[in-house]
Every structure is written in structure tokens, then in C-alpha cells.
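> Need a 3D model of the sequence below.
(chains A and B)
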Amino acid sequence: MSAAGVVDPARVVDESGRVVLEGVGKRYDTVRGPVDAVADVTLEIAPGEVAAVVGASGCGKSTVLRMLAGFERPTAGSLVVGGRPVRGPGPDRGVVFQDYGLFPWLTVAENVRWGPRRQRLPRGVVRRRTEAVIETVGLTRFADRFPGELSGGMQQRVALARVLANEPAVLLMDEPFGALDALTRTSMQHELRRIHREAGTTILLVTHSIEEAVYLADRVVVMAGGASVGVPGHVREVVAVDLAGERDVNAPDFNAVERRIAALVHAGTDGPGGGADAADRA
Amino acid sequence: MRRPTAALWAPRLGRLALGLAVLALLVAMWHLGVRGEWVLVFDIKMAFLPEPLDVAVLLWDFAFGGVNDDAFSRTLWEHLGASTLRVLAGFALAAVLAIPLGVLMGRFALVNAALDPAVNLFRPIPATAWVPLVLLIIGFGSQATVFLITLSAFFPILLNTLGATREVSPRLVEAARMLGTRPAGILLRVVVPAATPGIVSGLRIGLGLAWVILVLGESNGIDTGLGSMITLAREQVRTDRIVVGMIVIGVAGFCSDRLLVLGLRGLFGRRPLMRAA
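Below is the predicted model of the structure:
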């Protein structure tokens, strides 16, 4: 993990992990007329960077992630990953869901090799990759178990391994640790940092936890608004997390960043611009 | 390992004993009712029934002979075999048609829109209402019986498959798509396995119905089969043979369901593809 949001150049071999959003908007047609869930989101994530998106419920952070995943189409703007416009879901963008989304009738190993199998990779490659990523997430002893036999934390490891087996350019994580207990959550955060150090994949992490965002991300994207507020979801501010070395959630500088982001998140419902003032007051 | 196994089996054996005790009680009441010439609700005249012991002896003779040694003796296997073949043929045909159709209707709105009105119009027509028409357009015989069984087993399998397919978690489909699965793979590798517990429920209901419809189908112009045996017994006013036929059908239906469940369990192994049966 590089400090100060600067990406280690040795690790970035290509541009396939670059994420560019320009003026992205999502409008839903409802019975009471069109509703803008998200409007004018412009954001660039460098290859290998970890970006966290925080914001109140309904601010559209998951919608942005789902559009990047290709599950939903934007109604405005463009999303480009690795130089190619997003047209639908694809193995270059692995998604980790809050509720895991594992195939319950398949074993851990079968879940993990699903992706490589669908890419029709040679059997040897499939086997090696499967074994390697299962070892990465520490589940070698559980390779022949079914997801229903595993704890939530272990299931989420399987979900992560399943995506890593496809060697994606970008990891899209939607509240990945939200369903886990506090202890498991902390250990999964450590593990994600370690895996990111090894794989160097670009990560977009949507989370409710500001602490998690500050602990994991190079930059934290604070979103605000949302249909319930009457203002489309939008990016209020992007905060660079300039913390050197191993991050300590109890360190004063860590807490300072956390407080600043919390102020931005909670800065009322006054739409674009208002948030920054509120943050200054805090 | 022995102790936990015993701990698991003891309550199951206890429940089995309870179920058998109730059965024994029913048989005892049957015996007393016939002896005492009870008249029950619906004006059921128990005196017209054969006694359980006589039925047991006749059942033995039906299966193995050695008691009456008449035209009825030792013919169980022939009747049972013919009936089982018809049930299996009708059931298999219904499953082969209903499962793919249910998956397609559950997954594609256009297919559903095309077929839903037809399905819901035909579905409420009971097999009994089909019989006169079937006898005219197909004629007496095995084919008519198999047709009626197929027709009756078709709808529960279709509707269960359809419902289970619709309820497949969209999350699983999303997961498959983001892992690079093609549309055909999503249908065959995600939707079908995810819907399997519901499909299995439909198959079990369909197979049960197949035995129900059997008697109806075999009551016309068929020589061998449990249904035709019962029909003949009714014409001869042999309540004892009717009861024997009923018992055999009940046991056959029960066994076929157990065999289906055991077979699928063997096929699926430890994979959670079935509701607890």
C-alpha cells in the first residue's frame, strides 16, 4: 500500500486498472416522474489505487459501483475502465457483494474456479490459480466445503478469492464487510490491505464505515444528496488520506482525517457546496 | 462416533414408532368397526367392509398365492408392473416437457406472456373432465392412461419450476455475469441449480398425482394394472379386492416418492440442492 495516494510505479504494469467517470448520472423513471439518483459524478482512479466511497444511505454510492460493474446503465456521462467504455459486466471488474453471492451448491474450490473456467483457460492454469487464491485467503483446508458450512467472514473470503481468480483489473467492493461482526471485520480489513499489496489491483470500496475508508483507502470520495434529500447524489469532496506507514486507527492523525470526513458526510442536506462550509465549521 | 449417531437415531426411531402406533390404532378401529357394524358419518356402513385380517390374507394371496389359487392369485406383480410403467412413462414425459418450459417461462417475460394464458386456462380442467374426450380421440388403452398421467403431472411440475425460477436470487445472476458467464451458462449453470429445490418439490407432487390419476386412466378398457384390477373388483362387488388394490397403490405411491427422493439425494450427494424431505 503506497502512502499519500501515490502509486508505486514499479507495480503498475499497464493502464487496465484506470477508472474514469465523467459526468455520470443515473435517472430512474418512477410513477411520479423521473428521479435523479446520481448526477454529474466525475472521478478518476489511478491504476493500483484504493478509493473508498462514503456517504449517507441513498446518496447513490452503490449505484455508482453498480454502473461501473455494468449491472446498471448510466443515463448520462461515461464510465471507462482500462481505456474501454463499460458496456456490461465483465471479468475485468470483479465485484464483491455485501451478501457474498456465492453459489451455495458448489464447494469453495468450485466457486473459486468458476471464473477461470468460464474464460475457458487451460485446466492446469485453472487449477493453479484456484489453489493459489484459496491459499491467499487462507481457506486451503476448507476447499471442499460448501458455503453454507462456513462463517460469514469465511464466505466473504471465498467471494474475494472467486473474484481474484479472474485476475481482474479492478475490484469493486460494495459494503463487503458490512454483514460481519467487528472482530472479523477488522481482520478482513487487514487481509484486504495485504492482498492489495500483493496483487496491486485497483479497488473501489463502498462503505458505511468512515474508519474503514480511512484505514484502507488512498483517497476517500464523500458523496452526498440522494432522492430522499431532493438533491441528486453527487460527489461532495474527495479527501486524500495522507498517512505514512502502517495505519493505526487510534493515532491522532488518523482520527483527524476521520473527523474531517465525518464532518463532510454529516454536513446537512444543503446540496453541493454546503458541505465544505460545514466541514470548515467542524 | 457411535454415541452421536445413536443420539441422532433415537428420536427418529421414537417418531417412527409413534407413526406406526397410530397406523396400528386405525387398523384396530377398522377391525372393531366391521365386527360391531358401526355406521359412521357420511352414512359409512362399516359392516360392508372386509376385516383387516381377511384383507391381509387376500393381499398375501394376491402377491404370492397359496391361499385361494384362483385367477386373482399371484397377479399383483403383473398389475403393479404394468401400472408402474404407465406412471413412469407419464411422469417422465411430464417432467421432460414441464421443466424446460417452466425455466423458460420463469426467465423470459416474452415466453411467459405467450404461454401464461394457455397454461392457466388448461390448468383448472381436472383429469376426470378429460376422460370422455380422451376416450373418443385416443381410444381405450394404455396410451390414454399415459396421456392423462402426463397431463396431470405436467402442471404441478411446471408451476413449481416456474415459481422457483422466478425466485432465483438476482444476486446469483449478477455474480455469474461479473465472473464472465455467458447467457446460456447463466440459464444452465445458475438458474437451473438455484431452482432445483423447487423443481424437486414439483416432481414429487407430480409423481404423487400420477398414481392418483392411474386408477382413473386404467378404469377403461385395460386388462392389467392396479386401476383395472380395482375396476373389475367393483363390477364383481368384491370390496376385499378393492381394498387390497387401494393398499397396493398407496404403498407403491409412497415407495415411488421415497425412491425419487433417495435417487436425487444420491445424485446430488452433499450438495444443498433439495429441501429436507
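> all contacts plus neighbour counts: C-alpha atoms, from now on.
Fine.
> Can you list the low-confidence ranges for chain A?
Applying pLDDT under 70 to chain A flags residues A:1-13, A:268-282.
> Is the residue positioned nearest the centre of it bridged to anything, and to what?
Centroid check for chain A by Cα atoms, centre = their mean gives A:Leu205 as the closest residue, at 2.2 Å. Following DSSP bridges, A:Leu205 is listed with bridge partners A:Ala52, A:Met173.
> From chain B, how far off is it?
Distance from A:Leu205 to chain B, counting by Cα to the nearest Cα, to the nearest Å: 16 Å.
> Name the residues of chain A found near chain B, please.
A:69, A:71, A:89-91, A:93-95, A:101-106, A:114-115, A:118-119, A:146, A:163, A:166 (Cα under 8 Å from any Cα of the partner chain).
> ok, the residue nearest to the centre of chain A to A:Leu192 distance?
Separation of A:Leu205 from A:Leu192 (Cα to Cα, to the nearest Å): 11 Å.
> secondary structure element for residue 224?
Just so you know, I chose chain A. Assigned by DSSP states H and E, A:Ala224 belongs to strand A:219-226.
> was after chain B, sorry
B:Thr224 belongs to no helix or strand when elements are defined using DSSP H and E.
> quick one: it and B:Ala82 touch, right?
Yes - taking Cα atoms under 8 Å as the definition, B:Thr224 is a contact partner of B:Ala82 at 6.4 Å.
> Could you give me the ChimeraX selection string for whichever of the residues of chain A next to chain B are buried?
Of the residues of chain A next to chain B, the buried ones can be selected in ChimeraX as follows, counting by 16 or more other Cα atoms under 10 Å in any protein chain shown:
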select /A:69,71,89,90,91,93,94,95,101,102,103,104,105,106,114,115,118,146,163,166
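> Narrow the residues of chain A next to chain B to those in helices?
Those of these mapping onto helices are A:Ala69, A:Trp114, A:Gly115, A:Arg118, A:Val163, per DSSP state H.
> From these, pick the one nearest chain B.
Within those, distances to chain B taken as Cα to the nearest Cα reach their minimum at A:Gly115, with 5.0 Å.
> Now for the nearest residue to the closest one once chain neighbours are set aside, how many residues are close by?
Once flanking residues are discounted, A:Gly115 sits nearest to B:Leu179: 5.0 Å by Cα to Cα, 6 or more residues apart in numbering or on different chains. B:Leu179: 28 surrounding residues under other Cα atoms under 10 Å in any protein chain shown.
> residues contacting B:Leu179?
Going by Cα atoms under 8 Å, 6 or more residues apart in numbering or on different chains, B:Leu179 touches A:Pro89, A:Gly90, A:Pro91, A:Gly94, A:Trp114, A:Gly115, A:Arg118, A:Val163, A:Asn166.
> wait, doesn't the fourth one sit right on A:Pro168?
Looking back up the chat, that one is A:Gly94. Yes - using Cα under 8 Å, A:Gly94 makes contact with A:Pro168 at a distance of 5.8 Å.
> So what does A:Arg32 have for phi and psi?
Dihedral pair for A:Arg32: phi -100, psi 30, per degrees, to the nearest 10.
> What of the one 3 residues further on?
Listed backbone geometry of A:Val35 is phi -130, psi 130, with angles given as degrees, to the nearest 10.
> Let me know how buried it is, in neighbour terms.
By other Cα under 10 Å, 17 other residues sit near A:Val35.
> Okay, and the beta partners of it?
On the basis of DSSP bridges, A:Val35 is bridged to A:Tyr28.
> State the distance from it to A:Leu192.
Look at A:Val35 and A:Leu192: by Cα to Cα, they are 36 Å apart.
> Could you do A:Ala217 as well?
Distance from A:Ala217 to A:Leu192, by Cα to Cα: 11 Å.
> So for the two, which sits in the more crowded spot?
More crowded of A:Ala217 and A:Leu192, by other Cα under 10 Å: A:Ala217, with 27 against 16.
> Give me the residue at the spatial middle of chain B.
Nearest residue to the geometric centre of chain B (Cα atoms, centre = their mean): B:Gly208, 1.6 Å.
> For that residue, pull up the helix or strand it's in.
Judged by DSSP H and E, B:Gly208 forms part of helix B:192-218.
> And that helix, what does it pack against?
When contacts are defined as 3 or more Cα pairs under 8 Å, 6 or more residues apart in numbering or on different chains; DSSP states H and E, helix B:192-218 packs onto helix B:76-107, helix B:127-137, helix B:142-166, helix B:226-235, helix B:239-268.
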